[in-house]
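Provided below for reference: sequence and predicted model.
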Amino acid sequence: MDIVRNDDGTLVVPVTPRRAAETDEDAPVDASDEAEQADAEPETRVIHPGEGGYDEALAEWDLQQNPDREPVVSTASGRQEAMALVHAVATDPDHEVAPAVEALEDPEASGEALRHVLVGGVHSVEAFAEEVAEAEGGEPLPAHQATKIIGEVLSELD
C-alpha cells in the first residue's frame with residue numbers, strides 16, 4: 001500500500017500489524033482469535049505535520065511519486081530559491097503555492113533542494129528553517145510548519 005498525502009498535509013501511511021505475544025507456549029492457537037485481532041487493528045494511520053515519523057513518511061511519499069528519480073542533490077541556487085519560496089508561503093497567509101512555484105526560475109532545482117532537506121529528517125528541517133530565517137528574516141518556522149509547506153510545494157511540483 002502506498003502513502004497517501006491529503007490536501008490538508010496529513011499522510012495516510014500503512015501500518016504493519018503487531019503480532020500477538022504468546023502467553024502460554026503450549027496453548028493452541030485459535031484461527032478465529034487471530035482473524036479477530038487482525039480485523040481490530042487498523043491497516044493505516046494518519047500522521048499530521050509535526051508528529052513523529054512525518055518527515056520520513058513525507059520523503060517516502062515524494063519518492064513514490066517518481067520512483068525512478070535519481071538521488072537528490074541540492075544546489076546553492078536551488079536552495080536559495082527554495083528558501084525564498086518557503087518564506088513567502090509562510091509569511092503570507094493568502095500566498096498560493098501554485099503561482100509561487102510557477103514563478104520559480106528553476107523549479108527542478110528548488111524541488112531537489114527541498115527533497116534534500118526532507119531526506120535529512122527532522123533535524124535537517126529544523127536547520128533549514130533556521131537558515132530560512134537568517135536569509136529571509138523573521139523567526140524560524142517550527143519544523144512541522146516548514147515540513148507542511150515543503151510537502152505542499154513538492155505536491156505542486158509533481
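That came through, no problem.

When you work out contacts or count neighbours from here on, use the C-alpha atoms and nothing else.
OK.

Can you verify Val13 is assigned to a strand?
Yes: judged by DSSP: H, G, I helix; E, B strand; the rest coil, Val13 forms part of a strand.

hey, what's it bridged with?
For Val13, the beta-bridge partners under DSSP bridges are Arg45.

Provide the secondary structure category for the residue nearest to Ala88 when sequence neighbours are not counted.
The shortest distance from Ala88 to any non-neighbouring residue, by CA to CA, 6 or more residues apart in numbering, is to His95 (7.1 Å). When classified by three-state DSSP, His95 comes out as coil.

Now His95, what are its backbone angles?
phi -70, psi 120 (degrees, to the nearest 10).

Just give me the neighbour total for it.
His95 has 12 neighbouring residues, counting by other CA atoms under 10 Å.

now it: how far from Ala127?
23 Å (CA to CA, to the nearest Å).

Then Asn6?
Per CA to CA, Asn6 is found 26 Å from Ala127.

Neighbour count: these two, which is higher?
Ranked by neighbour count (other CA under 10 Å), Asn6 and Ala127 place Ala127 first, with 15 against 10.
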